[in-house]
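Trainee: Below are the sequence and a predicted model for it; my questions follow.
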Amino acid sequence: QVQLEESGGGLVQAGGSLRLSCVTSGRAFSSYAVGWFRQAPGKEREFVAAISWAFGSTRLKDSVKGRFTISRDTAKNTVYLQMNSLKPEDTAVYYCAAGSGGISKASTNPDYWGQGTQVTVSS
């Protein structure tokens, strides 16, 4: 089993920054990738970013490229989503997710989900 716990959400003004953290625990992560998804009110959950645990390679949604960065600290078993230049349309519940089999799996059909953390960007 894999457990994922998000933190770092909150209220921020447009143009501001937040860093989300996802602490992972459970089985060895060498073959996993970890991703971030978000779900805004009335909308479907969408992929935001993913990172390979073993290699550090990343994938980002086009609309967040240049503003968001995903990284991991293997010593702390933690994945981060640094979000800069936030916009009101970034408002959503952000979920951490993990999938075996690499970035493709983690970014489309992950096996495990966290509980989510709310991010609200005011205009």
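Mentor: Everything's here; your move.

Trainee: Next, count neighbours for residue 34.
Mentor: Look at residue 34: counted by other C-beta atoms under 10 Å, it has 29 neighbours. In this view, the C-beta of every residue, glycine as well, is placed from N, C-alpha and C.

Trainee: By mean pLDDT, flag the weakest helix or strand of the chain.
Mentor: helix 103-108 (a mean of 90; mean pLDDT, DSSP states H and E).

Trainee: Now tell me what touches that helix from outside.
Mentor: Here helix 103-108 makes contact (C-beta atoms under 8 Å, 6 or more residues apart in numbering) with 32-35, 47, 50-52, 57-59, 97-99, 111.

Trainee: buried sites along it?
Mentor: 103, 105, 106, 107 (16 or more other C-beta atoms under 10 Å).

Trainee: Sheet-wise, list the partners of whichever helix or strand comes after that helix with their directions.
Mentor: Next helix or strand after helix 103-108 toward the C-terminus (DSSP states H and E): strand 112-113. Pairing partners of strand 112-113, with direction, according to DSSP bridges: strand 92-100 (antiparallel).

Trainee: Just the C-alphas of the partner strand, formatted as PDB.
Mentor: Only the C-alpha atoms of strand 92-100 are listed here, as PDB (Å, rounded to 0.1, in the frame of the first residue of the first chain):
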ATOM      1  CA  ALA A  92      -9.100  24.000  -7.100                       C
ATOM      2  CA  VAL A  93      -8.500  21.100  -4.800                       C
ATOM      3  CA  TYR A  94      -5.100  19.700  -5.600                       C
ATOM      4  CA  TYR A  95      -4.500  16.000  -5.200                       C
ATOM      5  CA  CYS A  96      -1.300  14.100  -5.100                       C
ATOM      6  CA  ALA A  97      -1.400  10.700  -6.800                       C
ATOM      7  CA  ALA A  98       1.000   7.900  -7.500                       C
ATOM      8  CA  GLY A  99       1.200   5.200 -10.100                       C
ATOM      9  CA  SER A 100       3.500   2.300 -10.900                       C
END
